[in-house]
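# model the following, please.
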Amino acid sequence: MRIPAIDRVVTVSGSVHGFANGGRFSAEFNRPYSICLDPIRPTTSYYLGDSSSIRFCTRETVSLIAGSESCGVKDGIGGDARLDTVSARDGNRLYVADSGNSLIRMVDLATLAVTTIAGDGGRRSADGSGLKCSIYNPRRLAFDRSATALYITSAFSIRRFDLTTKEMTTVEWNAKPAPRRIVPYAIGVLPNDQLIASCITSHSMYLLDPKTGEHEVLDDPKSDRFALPYDLAVVESERSIYIVDHGNNTLRRMTLAPSVFETTKAGGQPAKPNA
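I've put the predicted structure just below:
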């Protein structure tokens, strides 16, 4: 299945730079960073990680879920909470990688209460339980196949946080120490429980077995030429991975068997790889 050529790009929410709720075309965003679908209404609404806040967007309105225009670190209810550079993933609750504060936060969607569930805010990486562990600069999150744990990318590592025991552990690479050129950014979990992670230093996609640490590069750096692959989504029905190729201004697709890349830009023109 090929990606259809895109012949139209439309704005679905937002107007100018700022911070304001309201109608979807009058609302203002402040450097939106990530997006995840509403699990209850996935075709009509979504959560937007908007710098230091989380916004809820529908076809009609934009409202505040948690945080504010000001960065900070504070648990609380809705707009009284403070966050810094957030990336959210949905479940029965909203789990947030609070990159600027080096914390993992949780938003109860029924009460809008924001609580810190992992991290001590330290600028280092250390395994441990709950608020006693350290996770420096968390970026993206993905549920494991059982939805009982989160895989989280952070500076130079991939971490696993058990939602039941609250234990944070490091996913080891089989090279010791882990290859320092690998700076994981986006992450996804495949049907066989292996991980796929993007790297923003080698501009490649890695396949990693979280149990053994075995890993391999999936793409050919000479021909496929990613540039800052910032996010990804696993589409099981197509056996494909869609990749936000930030530096090439494209959305790309990698099929899992065999690895074949297809690229389209708005207007249907193929993207030129970076030299």
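# now Lys166. Nearest residue, chain neighbours left out?
Spatial nearest neighbour of Lys166, excluding adjacent residues (C-beta to C-beta, 6 or more residues apart in numbering): Gly130 at 4.3 Å. C-betas here are computed from N, CA, C, even on glycine.
# list the contacts of that neighbour.
Listed by C-beta atoms under 8 Å, 6 or more residues apart in numbering, the contact partners of Gly130 are Ile117, Ala118, Lys166, Met168.
# the second one against Asn101, yeah?
This means Ala118. No: judged on C-beta atoms under 8 Å, Ala118 makes no contact with Asn101 at a distance of 11.5 Å.
# between the two, who's got more neighbours?
For Ala118 versus Asn101, the count of surrounding residues by other C-beta atoms under 10 Å is larger for Ala118: 29 against 23.
# what's near enough to touch that one?
Ala118 makes contacts with Leu103, Ile104, Gly130, Leu131, Cys133, Ile135, Phe161, Lys166, Met168, as judged by C-beta under 8 Å, 6+ apart.
# look up how far Asn30 lies from the residue nearest to Lys166.
Plainly put, Gly130 is 30 Å away from Asn30 if you go by C-beta to C-beta, to the nearest Å.
# Glu28 touches Val16, doesn't it?
Yes: Glu28 lies in contact with Val16 (C-beta under 8 Å); the separation is 5.8 Å.
# okay, those two: which has more neighbours?
Per other C-beta under 10 Å, whichever of Glu28 and Val16 has more neighbours is Glu28, with 16 against 9.
# so where is the stretch 1-150 of the chain shaky, pLDDT-wise?
1-10, 39, 42-43, 88, 90-91 (pLDDT under 70).
# show me where it has strands.
22-23, 32-37, 46-50, 53-57, 61-67, 76-77, 86-89, 94-98, 103-107, 113-118, 128-129, 141-143, 149-154 (DSSP state E, counting those that start in this stretch).
# correct me if wrong: Leu131 contacts Thr116.
Yes: in this structure Leu131 lies within contact range of Thr116 using C-beta under 8 Å: 6.6 Å.
# which of the contacts of Ala118 are buried? Put it as a ChimeraX command.
A single ChimeraX command selects the buried members of the contacts of Ala118 (16 or more other C-beta atoms under 10 Å):
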select :103,104,130,133,135,161,168
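# closest to Ser34 among the contacts of Ala118?
Ile104 (14.1 Å; C-beta to C-beta).
# any idea what the closest one is bridged to?
Counting by DSSP bridges, Ile104 is bridged to Ala97, Ala118.
# if I look at it, how far off is Ala20?
Remark: distance between Ile104 and Ala20 (C-beta to C-beta) = 28 Å.
# now swap in Val62 and tell me
Going from Val62 to Ala20 by C-beta to C-beta gives 8 Å.
# name the residues contacting each of the two.
Common neighbours of Val62 and Ala20, counting by C-beta under 8 Å, 6+ apart, are Ala27.
# mind checking which of these two has more residues around it?
Per other C-beta under 10 Å, whichever of Val62 and Ala20 has more neighbours is Val62, with 23 against 15.
# what about the nearest residue to Pro191 once chain neighbours are set aside, how many residues close to it?
With C-beta to C-beta, 6+ apart as the criterion, Pro191 has its nearest non-adjacent residue at 5.7 Å, and that residue is Glu236. Residues lying near Glu236 (other C-beta under 10 Å) number 9.
# next one: phi and psi at Glu236?
Per-residue torsions, Glu236: phi -70, psi -40 (degrees, to the nearest 10).
# for Ile40, see how far away it is.
Counting by C-beta to C-beta, the gap from Glu236 to Ile40 is 21 Å.
# what does Ile54 give?
Counting by C-beta to C-beta, the gap from Ile54 to Ile40 is 16 Å.
# quick one: which of the two has more around it?
The residue with more neighbours, out of Ile54 and Ile40, is Ile54; 26 against 9, by other C-beta under 10 Å.
# quick one: that one from Ile35, how far?
11 Å.
# intersection of neighbour lists for the two?
Going by C-beta under 8 Å, 6+ apart, residues that sit against Ile54 and also against Ile35 are Tyr47, Leu48.
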